[in-house]
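> can't give you the sequence, but here's the structure:
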Ligand code: SF4
């Protein structure tokens with residue numbers, strides 16, 4: 001099925017792809033909750049990394065059913081592609097959620113069983129990707145399976161060893177110890193899907209839907225503690241803004257002052273220590289200003305803000321070919337050969 005959906009890209013040129021997508025993403029259709037303009041820290045990062053990638057992800061791959069166009073469908077499939085290392089991060093987030101939910105529900109966790117769950121979940125994902133099947137209700141396409149010519153960034157045995165290692169680091173981490181130290185009722189949120197809040201007074205849009213999904217949110221009756229599990233580098237600047245957005249979310253949702261909202265990064269790639277993002281957690285006003293500036297830059301490239309329509313020609317490809325090598329959309333940019 002995957003090969004069928006991508007096969008169109010072997011028969012057309014880049015210019016034909018751009019024309020097909022442009023027609024689709026400039027069509028004025030009343031936006032709904034899925035297609036209205038929204039914002040998130042990860043959206044900002046993608047916008048900064050590569051304008052074309054941002055366009056393909058947020059515009060080229062949307063309204064895929066209505067488009068009834070094999071080019072849009074191919075771009076949607078490319079959007080589902082995940083590098084193995086990101087998949088390993090998903091596995092660790094999955095078992096971390098199970099462990100935190102068990103504490104909330106006052107159930108014992110068998111650590112060996114949790115490690116077995118992690119390795120099984122990880123391997124099932126690899127198999128689903130090879131077969132072109134869904135795993136746990138989601139399509140999974142590993143980057144390494146789609147672009148076999150690039151070779152594996154990490155082989156199966158090393159990937160499995162990393163899953164075991166990261167799960168052990170999670171179990172011994174400061175953050176997991178802190179969660180277990182608090183009463184079960186303190187666990188208020190564990191990786192809630194599609195969670196968002198509304199920001200008002202944003203220039204050009206007024207109300208803005210901002211997506212913010214903390215891995216764990218704890219409330220001990222006085223303060224809020226937000227924990228973000230990191231299985232890769234914890235040093236990127238975007239992590240600071242993500243922490244600022246979490247704090248803003250908690251401030252608006254739980255009506256607590258900013259000094260009572262703490263965000264920490266559980267650095268699982270290293271020793272499992274809880275750290276602050278580089279540069280500290282931004283104050284609420286700084287985060288609001290940052291979001292506003294990011295939104296203006298994104299809107300400035302749209303064809304029509306009210307309809308949230310975009311032309312592919314306003315979103316150029318990056319010149320950084322090293323970034324393209326790691327990008328799942330490279331087949332839609334003819335940068336895969
Ligand atoms: S392949 Fe390169 S130019 Fe194309 S979307 Fe990815 S990063 Fe951008």
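Structure received. Model, not experiment: these values are computed from the prediction.

> Now do residue 161, the pLDDT please.
Per-residue pLDDT puts residue 161 at 96.

> does it belong to a helix or a strand, and which?
Using DSSP states H and E, residue 161 falls within helix 156-172.

> which of the residues in that helix are buried?
For helix 156-172, a neighbour-count test (16 or more other C-beta atoms under 10 Å) marks 159-160, 162-163, 166-171 as buried. In short, each C-beta sits where N, CA and C put it, glycine included.

> got it, and stretch 201-215?
202, 205, 208, 210-215.

> Could you work out the most separated pair of these?
The span of the buried residues of stretch 201-215, defined through C-beta to C-beta, is set by 205 and 215 at 28.0 Å.

> Please identify the helix or strand for the residue most central in space within the chain.
Nearest residue to the geometric centre of the chain (C-alpha atoms, centre = their mean): residue 42, 6.1 Å. Assigned by DSSP H and E, residue 42 belongs to helix 41-49.

> Please name every helix or strand in contact with the following helix or strand past that helix.
Counting by DSSP H and E, the next helix or strand C-terminal to helix 41-49 is helix 51-55. Applying 3 or more C-beta pairs under 8 Å, 6 or more residues apart in numbering; DSSP states H and E, one finds that helix 51-55 contacts helix 41-49.

> And the helix it packs on, what's buried?
41, 43-47.

> ok so, going back, from the contact counts, what lies against the helix holding residue 161?
helix 84-104, helix 111-131.

> So what touches the helix or strand that that helix is followed by?
Next helix or strand after helix 156-172 toward the C-terminus (DSSP H and E): helix 174-181. By C-beta atoms under 8 Å, 6 or more residues apart in numbering, the residues outside helix 174-181 that reach it are 96, 99-100, 103, 170, 187, 216, 218, 225, 227, 229, 264, 266, 272-274.

> What is the subsequent helix or strand relative to helix 174-181?
strand 187-190.

> In that following strand, which residues are buried?
Residues of strand 187-190 classed as buried by neighbour count (16+ other C-beta under 10 Å): 187-190.
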